[in-house]
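Student: give me the fold of what follows.
(chains A, B, C and D)
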4 protein chains.
Amino acid sequence: MVKIGIIGSTGYAGAEIARLLVSHKDVEIRWLVSRSFAGQSYAGIYRNLFEIIDKECSDISIDKMAEDVDVIFTATPQGYLQGQLTRDILDKCKIIDMSADYRIKDVKVYEKWYGMEHHSPELLPDAVYALTEINRDKIRETRLLANPGCFTTCSILTAYPLMKERMIEKDSLVINALSGVSGAGRGAKVANLFCEVNESAKAYGVTTHRHTPEIEEQLGYAYGEDVTLQFTPHLIPMHRGILATETARLKGSYSYDEIKAVYDKYYDKEKFIRTLPKDVCPETRFVEGSNYVDVNFRIDERTGNIILMGALDNLEKGAASQAVQNFNVMFGFNEDEGIDMLPMVP
Amino acid sequence: MVKIGIIGSTGYAGAEIARLLVSHKDVEIRWLVSRSFAGQSYAGIYRNLFEIIDKECSDISIDKMAEDVDVIFTATPQGYLQGQLTRDILDKCKIIDMSADYRIKDVKVYEKWYGMEHHSPELLPDAVYALTEINRDKIRETRLLANPGCFTTCSILTAYPLMKERMIEKDSLVINALSGVSGAGRGAKVANLFCEVNESAKAYGVTTHRHTPEIEEQLGYAYGEDVTLQFTPHLIPMHRGILATETARLKGSYSYDEIKAVYDKYYDKEKFIRTLPKDVCPETRFVEGSNYVDVNFRIDERTGNIILMGALDNLEKGAASQAVQNFNVMFGFNEDEGIDMLPMVP
Amino acid sequence: MVKIGIIGSTGYAGAEIARLLVSHKDVEIRWLVSRSFAGQSYAGIYRNLFEIIDKECSDISIDKMAEDVDVIFTATPQGYLQGQLTRDILDKCKIIDMSADYRIKDVKVYEKWYGMEHHSPELLPDAVYALTEINRDKIRETRLLANPGCFTTCSILTAYPLMKERMIEKDSLVINALSGVSGAGRGAKVANLFCEVNESAKAYGVTTHRHTPEIEEQLGYAYGEDVTLQFTPHLIPMHRGILATETARLKGSYSYDEIKAVYDKYYDKEKFIRTLPKDVCPETRFVEGSNYVDVNFRIDERTGNIILMGALDNLEKGAASQAVQNFNVMFGFNEDEGIDMLPMVP
Amino acid sequence: MVKIGIIGSTGYAGAEIARLLVSHKDVEIRWLVSRSFAGQSYAGIYRNLFEIIDKECSDISIDKMAEDVDVIFTATPQGYLQGQLTRDILDKCKIIDMSADYRIKDVKVYEKWYGMEHHSPELLPDAVYALTEINRDKIRETRLLANPGCFTTCSILTAYPLMKERMIEKDSLVINALSGVSGAGRGAKVANLFCEVNESAKAYGVTTHRHTPEIEEQLGYAYGEDVTLQFTPHLIPMHRGILATETARLKGSYSYDEIKAVYDKYYDKEKFIRTLPKDVCPETRFVEGSNYVDVNFRIDERTGNIILMGALDNLEKGAASQAVQNFNVMFGFNEDEGIDMLPMVP
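Tutor: Reported below is the predicted structural model:
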């Protein structure tokens, strides 16, 4: 049994990791860390897990936990882990981090977009950007995983094949993405009250959203050159789900079959990425509660653009289930162990 | 492998049975029957199952299917099965029926509340009312299961211990229940459009809802005498979930511990029925997507009443997952095989 | 022009009063009090009122405000007003209070259910329980209005005619009520986050909800004797709306027409109370955004019960628009001035 | 009193016109036409209008109605009006058409995008594209108004000032728009059931949506040259609201103040178009239930793009209230008569 701990276990992402791992046949959950709820019954907060998880939240330090577990999942605010993590901790246990602290290789870019100093840049070379389907081999060989963001997983996987094959103008991408409210976390903020977000839609973080450099960096690696793009996220009234709609300029006059072949080249063997049939648009409900990503595209001969679309569940492939997928790769288990839930409709 | 077929496979309950059974390690799905969608790809309708179920809908007759499968699940409109089923079919295969056709033992009661003639009353003695936790032994020994309704499963399990122990006045029950919209089915009706049911609540079927005699019959068996009660269902804007709030007059002055002991007597060993801690009210979100039922109660010394509360997912314990639970009992598998999904929050 | 001020103007009820009164032809809004947002632009918080209300929130004391306005609306937490209000203030201006501070005549009942001392019991005799249609004449003649709660307005108006005519057993009422989330206010609480209340339903305040004694007192006045009843509120995922379903034992065998005649006796001339056609159940969407209350009933000859149903918008007839209706009565304006909005569907 | 009739009065847009006009002080509603509901009480369908509209639906022909009324509102499917309207009818009464039949000047463009023949192209020159704020003068002088679509009103008004002033590259516009479900109408379609659209998001009509040529034509008039753009609509789970997010390439390096001055030039005196304060993103909830459009923008110096944003209520400014606004202009009433409802939050 692999012994694990979760720091930030009472946020939505942390709780989803707990819910998935409690059913994982090779895992023992040792620690559920939550500063706010230390000493309280975990199932008193997440009553869906009543009689299933019988543990209290604790406030153990990451140093101490590292001596007791094989891997720590950190579902913590930006800046927490990079301020705590040391080579010493990393020697003792592996880390799967849900925050952005080790996602961006260039410290200056991180510090600019996140507005904070990075306190452990020396560990950045160890970190692997853990988009499973793209970096599977590297994930096997490191001790520090930077689990991608929800918008980014969706945005990158939707465009990856065409960027990798250089079939679209590299700086032409306009990404509009929609997010369910769980992406905003479980903090007690007026802005996330039911009566503030239900029956409404808005763009936010326009021109400044922190997932922008993450998407640009990864698509840049795919393309082989620096990429600049426009990313505009929106909040819409649903629990879970990311829908990315990406408009790009095609570099040539490609047929449906030619584009489809490129998607198949990269994704045909991937269980969790499904290229939908021709003209079928991804819908978030068809991936909800699962690790699947649905992608598709439509060529507009009239404008010369291609519209790329992707859908995933922000708490699953956009956070927790991808973290478990990476955990499985890291520890040599079947990649779908504990995350083969089928999307639930309705 | 047990070979199965589903008639009415494109409704919400039928589709949930398909989704559950495709992952069941001892099941082979042979037929997905849908008259409306015959010849169409099943995953073209339920795209959550794209690349997972690779079958077409068919319009095979129940007679023919009976020769090819071990058990048929019928998620069909009231009246369908009792008009089709024969002893001959039942000799060839087992039946798990989601409709009300064989739930009520008294044909006259059925015909009065459902407004239709019963065409196979001779099979009624074979039928077992398949509330798993109550009738587990009988379920093992029959070939015809009448799977309970969603309101009824919730209403009965919530009151069962106190009725069984005769601690409440038998005719004092006032049951108010709330249902998510999936209970209304997938038919194309104006009344179930998003813009008609969202942001609204209403009672319906007041004094006439067909689940009334089903609840009365089963609670009557528990009590040992005929029971009359008031059942008022409501429609509220959510996908899944039944919440039953039941007000009853206590027969004596019982303490919390005395009532709790009775719930524990019946439910303590039941995996899927959870009696919540003192003063915690069941919420449908904490059972959503699972086979769990959460129950609890609160004594009102001021009025002499007790308020009983129960919550379940109408498509799971209220339909599909209870059907699979019964299937497991019927065929000797582990009772939770294929239905041990944990409730998903949020 | 009547000069008014609102204390608690940034909560949902206070903001709705502001939205209604800014369009009222005889009103000048002088003060929008909010301790939390003092100094901030009101339209920066309620951007629906951008370019419509051009005022800042202030933190003026009630004493000072009383010298500048004709009437103060207090949409404040329980206990605030009874701790502040004096005879002196009341001599200077009228008060329309949205809290429960002056709703209950018996100080001991107030102190028991609200768990706090009442600091101005000497003003209780002045207070009129401002259910417009019931107490219209008294409302004209006082300076202190206790505007009823949302659950209570709905629960009382639904049962009033039958209690007044003593046609139902006085202690048999079982009231189950459903509330939209705006009733929980605009405070930053985890429990009211979108992801905590959406797609779920729960009972709360079971046996202890503070609206219980308020309903009992008013229905007791109607009946002419003390009344005890069971009130169980529920939270469901919608913005606005109260739906009350009330089960009562009929004292005799009444026909539909007899009951209907009693409803007509009290409500036929009331613009804002609509007794629906036979067998039509009230739905909250059909009163949303308006001052209307829809009521109806259904007799169950099988059980001897009658089911009463009522629906209103908790922020309108359950709070703000009823406050304006009372304001109109108090100041001699047309009763529907500023509140003749028609319910908005969908 | 202006006598009016509504064809298609039981759809959501037609019903909203009825709800608005029944309160309009200069209007008498004479006919509520609905083929499906002819002979039925209108308030039996829209029970929000119970005791408010006391009329039956009728199935009178447009010819006959033209002899009895001053203006006909047609909230009918595409193709209906162009197949019925004649010069003779238009001589007898004015027409305000909610469909696309007379919106597009070039018959070939209409026939290509709508896939049907146009049967009255000779009336197209009479038709005025009734975007009130842009074409107010022409609206006064014609008898045939083509009321704009919901996506188009929002998309055009959001970009109009910058296109008119030629400050953005004319073919660079990428418009992503989100729509509430009421835009899909009240037809009984599985795709619009609560359980199919709630908790999900999808793009639809990708590269083919019929509002595309309408937006291009009008923005082309503004720019002074033909415009080609990418329009991608999305369906999200809310009743009402359009949110348009438009990415465009700026022609030069403009400051916030320069762009703001252009918006003010066109919209500062417009009551119903509000340019929000710097950095505030429009949200659909802040215009819901009203005739307001909220617009704003954000310059991205990093990419050289500008992001334009607009929000309106698709049933109001996107359909019914703009139709009434145009009606007021056409008949010389105050432009805001009957449509000065303030947006309702929450």
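
Student: from now on I want contacts and neighbour counts done on CA atoms only, so please keep to that.
Tutor: Fine.

Student: and the end-to-end length of stretch A:309-325?
Tutor: Using C-alpha to C-alpha, to the nearest Å, the end-to-end distance of stretch A:309-325 comes out at 23 Å.

Student: near chain C, anything from it?
Tutor: No. For stretch A:309-325, no contact with chain C is found by C-alpha under 8 Å from any C-alpha of the partner chain; the gap never falls below 12.2 Å.

Student: again, but for stretch A:284-302
Tutor: No. Counting by C-alpha under 8 Å from any C-alpha, chain C is not contacted by stretch A:284-302; separation bottoms out at 14.0 Å.

Student: can you pull out the helices in the stretch 51-200 of chain A?
Tutor: For the stretch 51-200 of chain A, the helices defined by DSSP state H, counting those that start in this stretch cover A:62-66, A:80-84, A:87-92, A:107-114, A:132-140, A:150-164, A:194-197.

Student: indicate which one of those helices is closest to chain D.
Tutor: Nearest to chain D, of all the helices of the stretch 51-200 of chain A, is helix A:194-197, at 5.7 Å by C-alpha to the nearest C-alpha.

Student: mean confidence (pLDDT) on that closest one, please.
Tutor: If you average the pLDDT over helix A:194-197, you get 98.

Student: packing partners for that helix?
Tutor: Applying 3 or more C-alpha pairs under 8 Å, 6 or more residues apart in numbering or on different chains; DSSP states H and E, one finds that helix A:194-197 contacts helix C:194-197.

Student: what's the first helix or strand after the helix it packs on?
Tutor: strand C:202-203 (DSSP states H and E).

Student: quick one: the very next helix or strand once past that following strand to chain centroid distance?
Tutor: Toward the C-terminal end, the helix or strand that comes next after strand C:202-203 (DSSP H and E) is helix C:211-223. Chain-centre distance of helix C:211-223: 14 Å, with C-alpha atoms, centre = their mean, to the nearest Å.

Student: could you check whether helix C:211-223 is close to chain B?
Tutor: No. Using C-alpha under 8 Å from any C-alpha, helix C:211-223 never reaches chain B; the gap is at least 11.5 Å.

Student: and the contacts of that helix?
Tutor: With C-alpha atoms under 8 Å, 6 or more residues apart in numbering or on different chains as the contact definition, helix C:211-223 has outside contacts at C:103-104, C:109, C:113, C:149, C:151-152, C:155-156, C:159-160, C:163-166, C:170, C:226-231.

Student: in that helix, what's buried?
Tutor: C:His211, C:Thr212, C:Pro213, C:Glu214, C:Ile215, C:Glu216, C:Glu217, C:Gln218, C:Leu219, C:Gly220, C:Ala222, C:Tyr223 (16 or more other C-alpha atoms under 10 Å in any protein chain shown).

Student: for A:Gly180, what are its contacts?
Tutor: A:Leu235, A:Ile236, A:Pro237, A:Met238, A:His239, A:Arg240, A:Gly241, A:Ile242, A:Asn314.

Student: among the residues you listed, which are in helices?
Tutor: Residues of the contacts of A:Gly180 located in helices (DSSP state H): none.

Student: still on that earlier bit, ok, the buried residues of helix C:211-223 vs chain A, which is closest?
Tutor: C:His211 (22.3 Å).

Student: can you check the pLDDT for the closest one?
Tutor: Note on C:His211: pLDDT of 97.

Student: relative to C:Pro121, how far out is it?
Tutor: Distance from C:His211 to C:Pro121, by C-alpha to C-alpha: 19 Å.

Student: and the gap between A:Gly183 and chain B?
Tutor: A:Gly183 is 11 Å from chain B, where distance means C-alpha to the nearest C-alpha, to the nearest Å.

Student: okay, now that residue: neighbour count?
Tutor: Using other C-alpha atoms under 10 Å in any protein chain shown, A:Gly183 has 23 other residues around it.

Student: now do A:Glu122
Tutor: 10.

Student: next one: the one 10 residues further on
Tutor: Applying other C-alpha under 10 Å, we find 21 residues neighbouring A:Thr132.

Student: quick check, pLDDT for it.
Tutor: 98.

Student: which residue, other than its chain neighbours, is closest to it?
Tutor: Leaving aside its chain neighbours, A:Thr132 sits nearest to A:Asn326 (6.1 Å; criterion: C-alpha to C-alpha, 6 or more residues apart in numbering or on different chains).

Student: and the pLDDT for that neighbour?
Tutor: Reading off the model, A:Asn326 has pLDDT 98.

Student: picking that back up, what is the nearest of the contacts of A:Gly180 to B:Glu246?
Tutor: Within the contacts of A:Gly180, proximity to B:Glu246 (C-alpha to C-alpha) peaks at A:His239, which comes in at 29.6 Å.

Student: how about the nearest residue to A:Pro125, chain neighbours excluded?
Tutor: A:Lys105 (7.5 Å).

Student: ok, the one you found - how many residues close by?
Tutor: Residue crowding around A:Lys105 was assessed by other C-alpha under 10 Å; the count is 17.

Student: so where does A:Leu32 fall, helix or strand?
Tutor: With DSSP H and E as the test, A:Leu32 turns up in strand A:27-33.

Student: what does the stretch 101-250 of chain A have sitting close to chain C?
Tutor: A:181-182, A:186-190, A:192-195, A:197-198, A:239.

Student: mind putting those in a markdown table, neighbour count included?
Tutor: Listed next are those as a markdown table, based on neighbours: other C-alpha atoms under 10 Å in any protein chain shown:
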| residue | neighbour count |
| --- | --- |
| A:Val181 | 27 |
| A:Ser182 | 25 |
| A:Arg186 | 20 |
| A:Gly187 | 13 |
| A:Ala188 | 15 |
| A:Lys189 | 16 |
| A:Val190 | 17 |
| A:Asn192 | 23 |
| A:Leu193 | 26 |
| A:Phe194 | 27 |
| A:Cys195 | 28 |
| A:Val197 | 23 |
| A:Asn198 | 24 |
| A:His239 | 23 |
